[in-house]
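Asks: let me see the structure of the following:
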Amino acid sequence: MKLLSTLVIVAAALASGAAGAAQYGSDQERRDHNREEALARWRADHGTAAESSGRQTDDRSSLREKTKEGARSVRNFTHRQAEKARNFSARQDRRYGTHHSTTDTSPVGGAK
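Replies: Numbers count the residues shown, from 1 in each chain. This is a model prediction of the structure:
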């Protein structure tokens, strides 16, 4: 009796394994078909390789220009802020009669 129940369990396991393998095969075929359709749509939207290489060069140059413009903007902002800080220090020096250059703030010399 024990042998019979073991054979039934093994047979059921083999049957479910075969069904899973068949389902995996059909899923794989569906995935392959979907991938091919997606690639065909992408190629239709983006043109041939020769066209896309020219477009890619244009994209890179426009990206380069955008990057340079961003860097230029940050650099100009930084310079404006530094100029404002210098002007503020000069106004404070005129107002209170102190000069930052007379104070020795080096670690060796210490503050006066």
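Asks: pull the number of nearby residues for Asp93.
Replies: 13 (other C-beta atoms under 10 Å). Placement of C-beta: from N, CA and C, glycine included.
Asks: name the helix or strand of the chain that has the lowest mean pLDDT.
Replies: For the chain, counting by mean pLDDT, DSSP states H and E, helix 2-46 ranks last in confidence among helices and strands (a mean of 81).
Asks: grab the longest helix from this protein for me.
Replies: helix 49-96 (DSSP state H).
Asks: so which residue is dead centre in the chain?
Replies: Leu63 (14.7 Å; C-alpha atoms, centre = their mean).
Asks: for Ala85, see how far away Arg95 is.
Replies: Using C-beta to C-beta, to the nearest Å, one gets 16 Å for the distance from Arg95 to Ala85.
Asks: correction: the previous question concerned Arg75.
Replies: The gap separating Arg75 from Ala85 is 16 Å, by C-beta to C-beta.
Asks: just Leu4 next, same as before
Replies: Here the criterion is C-beta to C-beta. By it, Leu4 lies 92 Å from Ala85.
Asks: ok, Arg94 next?
Replies: According to C-beta to C-beta, Arg94 stands 15 Å off from Ala85.
Asks: same question for Gly47.
Replies: For Gly47, the distance to Ala85 - C-beta to C-beta - is 52 Å.
Asks: so for stretch 74-82, what gets flagged as buried?
Replies: By neighbour count with 16 or more other C-beta atoms under 10 Å, stretch 74-82 contains no buried residues.
Asks: export that stretch to PDB, keeping only CA atoms.
Replies: The C-alpha coordinates for stretch 74-82 follow below in PDB (Å, rounded to 0.1, in the frame of the first residue of the first chain):
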ATOM      1  CA  VAL A  74      26.400  78.600 -11.600                       C
ATOM      2  CA  ARG A  75      29.800  80.300 -12.200                       C
ATOM      3  CA  ASN A  76      28.100  83.700 -12.800                       C
ATOM      4  CA  PHE A  77      25.900  83.200  -9.700                       C
ATOM      5  CA  THR A  78      29.000  82.400  -7.600                       C
ATOM      6  CA  HIS A  79      30.900  85.400  -8.800                       C
ATOM      7  CA  ARG A  80      27.900  87.700  -8.100                       C
ATOM      8  CA  GLN A  81      27.600  86.300  -4.500                       C
ATOM      9  CA  ALA A  82      31.300  86.700  -3.900                       C
END
